[in-house]
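Chemist: give me the fold of what follows.
(4 chains)
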Number of protein chains: 2
Amino acid sequence: MTSLRIGELAELTQTNNETLRFYESKGLLSAPRRSASGYRMYNQASVDQVSFILRAKRMGFSLKEVGELLSLNVEKADSTCREVKSLAEEKLEVIQAKIEELYRMRSALQQVTDACCGADVSAASCSILHALESDLGVELKNEPIP
Amino acid sequence: MTSLRIGELAELTQTNNETLRFYESKGLLSAPRRSASGYRMYNQASVDQVSFILRAKRMGFSLKEVGELLSLNVEKADSTCREVKSLAEEKLEVIQAKIEELYRMRSALQQVTDACCGADVSAASCSILHALESDLGVELKNEPIP
DNA sequence: CTTGACCCTAAAGTTTACTATAGGCTTTAA
DNA sequence: TTAAAGCCTATAGTAAACTTTAGGGTCAAG
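Modeler: Model (predicted):
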(Lines give C-alpha, C1' and ligand atoms only; values in the text may rest on other atoms or scores of the structure.)
Protein backbone atom coordinates (compact mmCIF):
# COMPACT_ATOMS: atom_id res chain seq x y z
CA MET A 1 0.00 0.00 0.00
CA THR A 2 2.52 2.53 -1.19
CA SER A 3 -0.19 4.54 -2.88
CA LEU A 4 -2.35 7.23 -1.37
CA ARG A 5 -5.17 9.20 -2.89
CA ILE A 6 -5.33 12.91 -2.22
CA GLY A 7 -7.82 12.63 0.61
CA GLU A 8 -5.66 10.10 2.40
CA LEU A 9 -2.57 12.26 2.05
CA ALA A 10 -4.55 15.22 3.30
CA GLU A 11 -5.65 13.34 6.39
CA LEU A 12 -2.16 12.00 7.08
CA THR A 13 -0.63 15.43 6.90
CA GLN A 14 -3.50 17.29 8.54
CA THR A 15 -4.30 19.50 5.59
CA ASN A 16 -6.94 19.19 2.91
CA ASN A 17 -7.32 18.29 -0.72
CA GLU A 18 -7.53 21.88 -1.93
CA THR A 19 -4.35 22.93 -0.18
CA LEU A 20 -2.45 19.98 -1.63
CA ARG A 21 -3.61 20.79 -5.14
CA PHE A 22 -2.72 24.42 -4.46
CA TYR A 23 0.82 23.47 -3.41
CA GLU A 24 1.15 21.39 -6.53
CA SER A 25 0.01 24.31 -8.68
CA LYS A 26 2.68 26.45 -7.02
CA GLY A 27 5.36 23.89 -7.73
CA LEU A 28 5.95 23.12 -4.06
CA LEU A 29 4.62 19.62 -4.15
CA SER A 30 5.72 17.55 -7.07
CA ALA A 31 2.96 16.32 -9.32
CA PRO A 32 2.37 12.68 -8.49
CA ARG A 33 1.61 9.93 -10.94
CA ARG A 34 -2.02 9.57 -11.94
CA SER A 35 -4.28 6.55 -11.88
CA ALA A 36 -5.95 5.44 -15.11
CA SER A 37 -8.92 7.62 -14.21
CA GLY A 38 -6.80 10.67 -13.50
CA TYR A 39 -6.66 10.46 -9.70
CA ARG A 40 -3.46 11.69 -8.07
CA MET A 41 -1.57 8.77 -6.55
CA TYR A 42 0.90 9.74 -3.84
CA ASN A 43 3.63 7.84 -2.02
CA GLN A 44 5.75 8.12 1.12
CA ALA A 45 7.99 10.74 -0.48
CA SER A 46 4.90 12.92 -0.93
CA VAL A 47 4.09 12.58 2.75
CA ASP A 48 7.61 13.69 3.65
CA GLN A 49 7.47 16.56 1.22
CA VAL A 50 4.17 17.86 2.55
CA SER A 51 5.42 17.48 6.11
CA PHE A 52 8.45 19.51 5.21
CA ILE A 53 6.38 22.27 3.64
CA LEU A 54 4.07 22.50 6.64
CA ARG A 55 6.90 22.49 9.12
CA ALA A 56 8.78 25.21 7.28
CA LYS A 57 5.60 27.22 7.11
CA ARG A 58 5.01 26.93 10.84
CA MET A 59 8.54 28.26 11.23
CA GLY A 60 7.52 31.41 9.49
CA PHE A 61 8.99 30.68 6.08
CA SER A 62 6.83 31.96 3.26
CA LEU A 63 5.82 29.58 0.49
CA LYS A 64 8.36 31.35 -1.69
CA GLU A 65 11.11 30.57 0.80
CA VAL A 66 9.91 27.01 1.12
CA GLY A 67 10.21 26.83 -2.63
CA GLU A 68 13.82 27.96 -2.35
CA LEU A 69 14.54 25.28 0.20
CA LEU A 70 12.96 22.72 -2.07
CA SER A 71 14.76 24.06 -5.13
CA LEU A 72 17.95 22.72 -3.61
CA ASN A 73 16.55 19.51 -4.89
CA VAL A 74 15.00 20.41 -8.22
CA GLU A 75 17.90 22.25 -9.79
CA LYS A 76 20.55 19.86 -8.76
CA ALA A 77 21.71 19.12 -12.28
CA ASP A 78 22.62 22.77 -12.78
CA SER A 79 24.09 23.40 -9.34
CA THR A 80 27.32 22.73 -7.60
CA CYS A 81 27.64 21.38 -4.07
CA ARG A 82 29.08 24.72 -3.09
CA GLU A 83 25.96 26.57 -4.23
CA VAL A 84 23.62 24.12 -2.60
CA LYS A 85 25.53 24.20 0.66
CA SER A 86 25.64 27.96 0.64
CA LEU A 87 21.87 28.23 0.19
CA ALA A 88 21.32 25.74 2.99
CA GLU A 89 23.66 27.67 5.24
CA GLU A 90 21.84 30.88 4.46
CA LYS A 91 18.60 29.28 5.60
CA LEU A 92 20.37 27.97 8.69
CA GLU A 93 21.31 31.52 9.59
CA VAL A 94 17.72 32.64 9.21
CA ILE A 95 16.62 29.82 11.48
CA GLN A 96 19.32 30.70 14.00
CA ALA A 97 18.25 34.34 14.06
CA LYS A 98 14.64 33.34 14.63
CA ILE A 99 15.66 31.11 17.52
CA GLU A 100 17.65 33.86 19.16
CA GLU A 101 14.90 36.42 18.87
CA LEU A 102 12.41 33.94 20.31
CA TYR A 103 14.82 33.31 23.20
CA ARG A 104 14.86 36.99 24.03
CA MET A 105 11.09 37.18 23.94
CA ARG A 106 10.73 34.04 25.99
CA SER A 107 13.06 35.05 28.77
CA ALA A 108 11.50 38.47 29.06
CA LEU A 109 8.01 37.00 29.22
CA GLN A 110 9.09 34.18 31.53
CA GLN A 111 10.76 36.47 33.98
CA VAL A 112 7.65 38.48 34.09
CA THR A 113 5.09 35.73 34.52
CA ASP A 114 7.24 34.23 37.26
CA ALA A 115 7.00 37.48 39.16
CA CYS A 116 3.24 37.81 38.75
CA CYS A 117 1.00 36.87 41.67
CA GLY A 118 -1.63 35.54 39.27
CA ALA A 119 -4.32 36.33 41.78
CA ASP A 120 -7.89 37.32 41.06
CA VAL A 121 -7.26 40.99 41.75
CA SER A 122 -7.13 44.06 39.55
CA ALA A 123 -4.16 44.11 37.24
CA ALA A 124 -3.73 47.83 37.64
CA SER A 125 -0.43 47.26 39.42
CA CYS A 126 0.32 43.83 37.93
CA SER A 127 3.98 42.93 37.85
CA ILE A 128 3.66 41.68 34.29
CA LEU A 129 2.50 45.03 33.12
CA HIS A 130 5.20 46.81 35.09
CA ALA A 131 7.82 44.51 33.63
CA LEU A 132 6.52 44.96 30.10
CA GLU A 133 7.04 48.66 30.56
CA SER A 134 10.71 48.27 31.30
CA ASP A 135 11.89 44.93 29.92
CA LEU A 136 10.01 44.75 26.70
CA GLY A 137 10.00 48.40 25.90
CA VAL A 138 6.28 48.55 25.40
CA GLU A 139 4.52 51.75 26.16
CA LEU A 140 2.12 50.95 28.93
CA LYS A 141 1.07 54.16 30.54
CA ASN A 142 -2.36 55.27 29.52
CA GLU A 143 -1.43 58.88 30.05
CA PRO A 144 -2.12 61.38 27.33
CA ILE A 145 1.02 62.02 25.37
CA PRO A 146 2.50 65.43 26.22
CA MET B 1 13.19 66.98 20.60
CA THR B 2 10.71 64.50 21.98
CA SER B 3 8.51 64.87 18.94
CA LEU B 4 8.68 62.95 15.70
CA ARG B 5 6.65 63.33 12.58
CA ILE B 6 5.42 60.19 10.85
CA GLY B 7 8.21 60.12 8.29
CA GLU B 8 10.83 60.33 11.02
CA LEU B 9 9.22 57.52 13.01
CA ALA B 10 9.03 55.45 9.85
CA GLU B 11 12.71 55.91 9.16
CA LEU B 12 13.70 55.18 12.75
CA THR B 13 11.73 51.94 12.80
CA GLN B 14 12.46 50.93 9.22
CA THR B 15 8.89 50.94 8.06
CA ASN B 16 6.92 53.57 6.18
CA ASN B 17 4.22 56.14 6.71
CA GLU B 18 1.44 54.04 5.29
CA THR B 19 2.20 51.05 7.47
CA LEU B 20 2.24 53.23 10.58
CA ARG B 21 -1.13 54.75 9.72
CA PHE B 22 -2.38 51.24 8.99
CA TYR B 23 -1.27 50.01 12.42
CA GLU B 24 -2.96 52.96 14.00
CA SER B 25 -6.17 52.19 12.13
CA LYS B 26 -5.99 48.63 13.44
CA GLY B 27 -5.55 49.81 17.01
CA LEU B 28 -2.03 48.42 17.32
CA LEU B 29 -0.30 51.74 17.51
CA SER B 30 -1.90 54.29 19.76
CA ALA B 31 -3.04 57.44 18.06
CA PRO B 32 -0.53 60.15 18.84
CA ARG B 33 -1.26 63.76 19.59
CA ARG B 34 -1.68 66.01 16.58
CA SER B 35 0.00 69.27 15.74
CA ALA B 36 -2.17 72.33 15.13
CA SER B 37 -2.22 71.47 11.44
CA GLY B 38 -3.20 67.86 12.02
CA TYR B 39 0.19 66.20 11.70
CA ARG B 40 0.78 63.13 13.87
CA MET B 41 3.38 63.90 16.53
CA TYR B 42 5.07 60.82 18.00
CA ASN B 43 7.41 60.32 20.95
CA GLN B 44 9.85 57.72 22.29
CA ALA B 45 7.02 55.52 23.52
CA SER B 46 5.78 55.31 19.95
CA VAL B 47 9.19 54.14 18.81
CA ASP B 48 9.16 51.40 21.43
CA GLN B 49 5.66 50.37 20.52
CA VAL B 50 6.42 50.09 16.83
CA SER B 51 9.60 48.16 17.60
CA PHE B 52 7.58 45.72 19.66
CA ILE B 53 5.03 45.22 16.92
CA LEU B 54 7.72 44.57 14.33
CA ARG B 55 9.65 42.21 16.59
CA ALA B 56 6.56 40.19 17.40
CA LYS B 57 5.69 40.07 13.74
CA ARG B 58 9.15 38.77 12.83
CA MET B 59 8.49 36.03 15.38
CA GLY B 60 5.53 34.93 13.38
CA PHE B 61 2.77 36.47 15.48
CA SER B 62 -0.12 37.77 13.45
CA LEU B 63 -1.25 41.35 13.92
CA LYS B 64 -4.23 39.96 15.81
CA GLU B 65 -1.91 38.19 18.23
CA VAL B 66 0.26 41.25 18.56
CA GLY B 67 -2.90 43.09 19.48
CA GLU B 68 -3.52 40.54 22.22
CA LEU B 69 -0.03 40.98 23.57
CA LEU B 70 -0.52 44.72 23.59
CA SER B 71 -3.92 44.41 25.21
CA LEU B 72 -2.13 43.25 28.34
CA ASN B 73 -1.38 46.90 28.51
CA VAL B 74 -4.49 48.67 27.40
CA GLU B 75 -7.05 46.82 29.43
CA LYS B 76 -5.21 46.62 32.65
CA ALA B 77 -7.84 48.54 34.56
CA ASP B 78 -10.47 45.97 33.59
CA SER B 79 -8.32 42.86 34.04
CA THR B 80 -7.22 40.73 36.93
CA CYS B 81 -3.67 39.51 37.47
CA ARG B 82 -4.93 36.01 36.85
CA GLU B 83 -6.23 36.93 33.40
CA VAL B 84 -3.09 38.81 32.47
CA LYS B 85 -0.83 36.01 33.66
CA SER B 86 -2.85 33.41 31.84
CA LEU B 87 -2.65 35.30 28.56
CA ALA B 88 1.08 35.77 29.00
CA GLU B 89 1.54 32.08 29.71
CA GLU B 90 -0.45 31.17 26.65
CA LYS B 91 1.89 33.28 24.53
CA LEU B 92 4.88 31.68 26.28
CA GLU B 93 3.69 28.29 25.18
CA VAL B 94 3.38 29.45 21.61
CA ILE B 95 6.89 30.84 21.74
CA GLN B 96 8.20 27.63 23.27
CA ALA B 97 6.61 25.53 20.56
CA LYS B 98 8.13 27.72 17.87
CA ILE B 99 11.56 27.38 19.46
CA GLU B 100 11.31 23.62 19.59
CA GLU B 101 10.25 23.29 16.01
CA LEU B 102 13.08 25.57 14.90
CA TYR B 103 15.49 23.37 16.84
CA ARG B 104 14.35 20.35 14.95
CA MET B 105 14.73 22.10 11.62
CA ARG B 106 18.11 23.48 12.54
CA SER B 107 19.63 20.22 13.59
CA ALA B 108 18.33 18.42 10.54
CA LEU B 109 19.69 21.11 8.23
CA GLN B 110 22.93 21.32 10.20
CA GLN B 111 23.52 17.61 10.06
CA VAL B 112 23.03 17.70 6.36
CA THR B 113 25.22 20.70 5.59
CA ASP B 114 27.95 19.23 7.78
CA ALA B 115 27.92 16.15 5.61
CA CYS B 116 28.11 18.11 2.36
CA CYS B 117 31.50 18.46 0.71
CA GLY B 118 30.71 22.00 -0.38
CA ALA B 119 33.03 21.64 -3.32
CA ASP B 120 32.69 23.24 -6.71
CA VAL B 121 31.38 20.10 -8.35
CA SER B 122 27.98 19.10 -9.71
CA ALA B 123 25.38 18.67 -7.00
CA ALA B 124 23.88 15.67 -8.74
CA SER B 125 24.96 13.45 -5.90
CA CYS B 126 25.07 16.11 -3.17
CA SER B 127 24.46 14.74 0.30
CA ILE B 128 22.12 17.61 1.10
CA LEU B 129 19.88 16.74 -1.79
CA HIS B 130 19.93 13.06 -0.98
CA ALA B 131 18.91 13.85 2.55
CA LEU B 132 16.06 16.07 1.39
CA GLU B 133 14.86 13.43 -1.01
CA SER B 134 14.83 10.49 1.31
CA ASP B 135 14.73 10.94 5.01
CA LEU B 136 14.78 14.56 6.04
CA GLY B 137 11.13 14.46 6.90
CA VAL B 138 11.47 11.38 9.02
CA GLU B 139 14.55 12.64 10.78
CA LEU B 140 12.89 15.88 11.60
CA LYS B 141 9.90 14.14 13.08
CA ASN B 142 11.83 11.72 15.24
CA GLU B 143 14.57 13.93 16.49
CA PRO B 144 14.69 14.63 20.22
CA ILE B 145 14.64 18.26 21.23
CA PRO B 146 18.11 19.33 22.39
C1' DC C 1 5.15 83.88 -2.77
C1' DT C 2 5.98 79.89 -4.87
C1' DT C 3 8.13 75.40 -5.12
C1' DG C 4 9.14 70.98 -3.27
C1' DA C 5 9.15 67.96 0.42
C1' DC C 6 5.93 66.35 3.87
C1' DC C 7 1.58 65.51 5.74
C1' DC C 8 -3.73 64.37 5.58
C1' DT C 9 -8.00 61.15 4.44
C1' DA C 10 -10.58 57.88 1.89
C1' DA C 11 -10.73 54.35 -1.07
C1' DA C 12 -9.10 51.15 -4.33
C1' DG C 13 -5.56 47.76 -5.52
C1' DT C 14 -2.04 43.99 -4.51
C1' DT C 15 0.05 39.84 -2.66
C1' DT C 16 -0.03 35.70 -0.15
C1' DA C 17 -2.15 31.70 1.02
C1' DC C 18 -5.61 29.60 0.89
C1' DT C 19 -11.02 28.22 0.53
C1' DA C 20 -15.25 27.68 -1.86
C1' DT C 21 -18.14 26.92 -5.90
C1' DA C 22 -19.70 24.86 -10.16
C1' DG C 23 -20.06 21.24 -13.05
C1' DG C 24 -18.72 16.81 -14.03
C1' DC C 25 -16.32 12.00 -13.93
C1' DT C 26 -15.02 7.50 -10.75
C1' DT C 27 -15.38 4.09 -7.33
C1' DT C 28 -17.61 1.30 -3.99
C1' DA C 29 -21.12 -0.62 -1.36
C1' DA C 30 -26.08 -1.90 -1.04
C1' DT D 1 -27.83 -0.03 -10.84
C1' DT D 2 -27.92 3.64 -8.26
C1' DA D 3 -26.48 6.61 -4.63
C1' DA D 4 -22.96 8.38 -1.76
C1' DA D 5 -18.42 9.55 -1.29
C1' DG D 6 -14.40 10.85 -3.52
C1' DC D 7 -11.85 12.80 -7.29
C1' DC D 8 -11.16 16.16 -11.39
C1' DT D 9 -10.56 21.19 -13.53
C1' DA D 10 -11.36 25.89 -13.69
C1' DT D 11 -12.57 29.88 -11.65
C1' DA D 12 -14.13 32.93 -8.11
C1' DG D 13 -14.02 34.50 -3.43
C1' DT D 14 -11.76 35.57 1.13
C1' DA D 15 -8.70 37.31 4.88
C1' DA D 16 -4.54 39.40 6.27
C1' DA D 17 -1.35 42.86 5.73
C1' DC D 18 -0.10 45.99 3.45
C1' DT D 19 0.52 49.49 -0.83
C1' DT D 20 -1.00 52.71 -4.14
C1' DT D 21 -3.84 56.33 -5.86
C1' DA D 22 -6.38 60.55 -5.83
C1' DG D 23 -7.03 64.84 -4.25
C1' DG D 24 -5.72 68.00 -1.23
C1' DG D 25 -3.53 70.84 2.88
C1' DT D 26 1.33 72.51 5.43
C1' DC D 27 5.78 74.45 5.89
C1' DA D 28 10.60 75.90 5.29
C1' DA D 29 13.72 77.56 1.84
C1' DG D 30 14.87 80.51 -1.89
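
Chemist: switch to C-alpha atoms for all contacts and neighbour counts from now on
Modeler: Noted.

Chemist: surely A:Ile99 and B:Ile99 touch.
Modeler: Yes. Proximity of A:Ile99 to B:Ile99 meets the contact threshold set by CA atoms under 8 Å, at 5.9 Å.

Chemist: where does the residue in chain A that DNA strand C sits nearest to land on pLDDT?
Modeler: For chain A and DNA strand C, the shortest gap (CA to the nearest atom of the strand) falls at A:Ser62, measuring 3.3 Å. A:Ser62 is assigned a pLDDT of 85 by the prediction.

Chemist: what angle separates the lengthiest helix in chain A from helix B:81-115?
Modeler: Criterion DSSP state H: the longest helix present in chain A is helix A:81-115. On the basis of axes from the mean of the first three to the mean of the last three CA atoms, to 10 degrees, helix A:81-115 is oriented at 160 degrees to helix B:81-115.

Chemist: what's helix A:81-115 packed up against?
Modeler: helix A:63-74, helix A:127-135, helix B:81-115 (3 or more CA pairs under 8 Å, 6 or more residues apart in numbering or on different chains; DSSP states H and E).

Chemist: rank the ones you listed by pLDDT, which is bottom?
Modeler: Confidence, taken as mean pLDDT, is least for helix A:127-135 of these (a mean of 49).

Chemist: return the residues of chain A in contact with DNA strand D.
Modeler: In this structure, chain A approaches DNA strand D at residues A:5-8, A:17, A:21, A:38-40, judged by CA under 7 Å from any atom of the strand.

Chemist: and the furthest pair within the residues you listed?
Modeler: A:Glu8 and A:Gly38 (16.0 Å; CA to CA).

Chemist: more crowded one of the two?
Modeler: A:Glu8 (15 against 8; other CA atoms under 10 Å in any protein chain shown).

Chemist: for the helix or strand harbouring the more buried one, buried residues please.
Modeler: For A:Glu8, the enclosing helix or strand under DSSP states H and E is helix A:6-13. Of all the residues in helix A:6-13, those buried under the rule 16 or more other CA atoms under 10 Å in any protein chain shown are A:6, A:9-10, A:13.

Chemist: with stretch A:50-68 instead?
Modeler: Within stretch A:50-68, the residues that qualify as buried by neighbour count (16+ other CA under 10 Å) are A:50-56, A:59-61, A:63, A:66-68.

Chemist: done for today, thanks.
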